[in-house]
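Peer 1: with the input below, show me the fold.
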Amino acid sequence: MIEILRTKLIQLLLKKYKKRKPKPWTRKDTFFAILTVAITFFLIFLMAKWIKNYEKEQLENSFFTIACIEKLKPRASKTRGFEDRILFFFIKNDTVLHKVYTTYSGTIDKHNINEGDCFELKVAEKDYDVYECYFNKKIDTIISKKKYENHTYHTIFHKMKLE
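Peer 2: Residues are numbered from 1 along each chain as shown. Just a heads-up that it's a prediction; the model follows:
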């Protein structure tokens, strides 16, 4: 009795999990597959072109200012490897904007950057995003942020680290 049930169970399992033959592709299936791939590549191309135009527009609408280094973090850990983080501030329209600039590991040592140094900085007009920091153009000046009341920080954690 048990053997009969076992053989029937095995037959049912074999029938259920039997490999099915793939259905052959029709012209309609092939057309929709090609159309899907073409639309996907077209959308990726459009997004890349839009991003490139956006960055070009941001770069055209940028200004130069002076950035003063607040804090240095050489070889700050990252998910893969290490990088240098430079915390700085610059002044725009009676507001002190605090930002973080991330570069390759070893940049701080290579350019001999210290806290309180001032450099030329290229910033986007729209969102004050940093495009370039010219570390080879050191400027001998002192910028005091104490006389300004409005301070804008990169993040809340950035504010806690500086205060």
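Peer 1: where in the protein is the helix or strand with the lowest mean pLDDT?
Peer 2: helix 156-162 (a mean of 63; mean pLDDT, DSSP states H and E).
Peer 1: which neighbouring elements make contact with the helix or strand hosting Thr36?
Peer 2: Following DSSP states H and E, one finds Thr36 within helix 27-60. Judged by 3 or more C-beta pairs under 8 Å, 6 or more residues apart in numbering; DSSP states H and E, helix 27-60 is in contact with no other helix or strand. C-beta: built from backbone N, CA, C; applies to glycine.
Peer 1: so who does the spatially most central residue of the chain touch?
Peer 2: Most central in the chain under C-alpha atoms, centre = their mean is Thr102, positioned 10.8 Å from the mean C-alpha point. By C-beta atoms under 8 Å, 6 or more residues apart in numbering, the residues touching Thr102 are Glu83, Asp84, Arg85, Ile86.
Peer 1: ok, and the most crowded of the residues you listed?
Peer 2: Neighbour tally across the contacts of Thr102 (other C-beta atoms under 10 Å): the maximum, 26 neighbours, falls on Ile86.
Peer 1: in the sheet, who's paired with that residue?
Peer 2: Leu72, Tyr101 (DSSP bridges).
Peer 1: surely it is in contact with Pro74?
Peer 2: No - Ile86 is not in contact with Pro74 according to C-beta atoms under 8 Å; the separation is 9.3 Å.
Peer 1: who touches both of the two?
Peer 2: Ile108.
Peer 1: what bridges to Ala124?
Peer 2: Ser62.
Peer 1: burial measure for it, as a count.
Peer 2: What Ala124 shows, counting by other C-beta under 10 Å, is a neighbour count of 17.
Peer 1: residues contacting it?
Peer 2: Gln58, Leu59, Asn61, Ser62, Val130, Tyr131 are the contacts of Ala124 under C-beta under 8 Å, 6+ apart.
Peer 1: how about Phe135, nearest residue that isn't a chain neighbour?
Peer 2: With C-beta to C-beta, 6 or more residues apart in numbering as the criterion, Phe135 has its nearest non-adjacent residue at 4.1 Å, and that residue is His111.
Peer 1: oops, could you answer that again for Glu115 instead?
Peer 2: In space, Glu115 is closest to Ile69, 5.4 Å off (C-beta to C-beta, 6+ apart).
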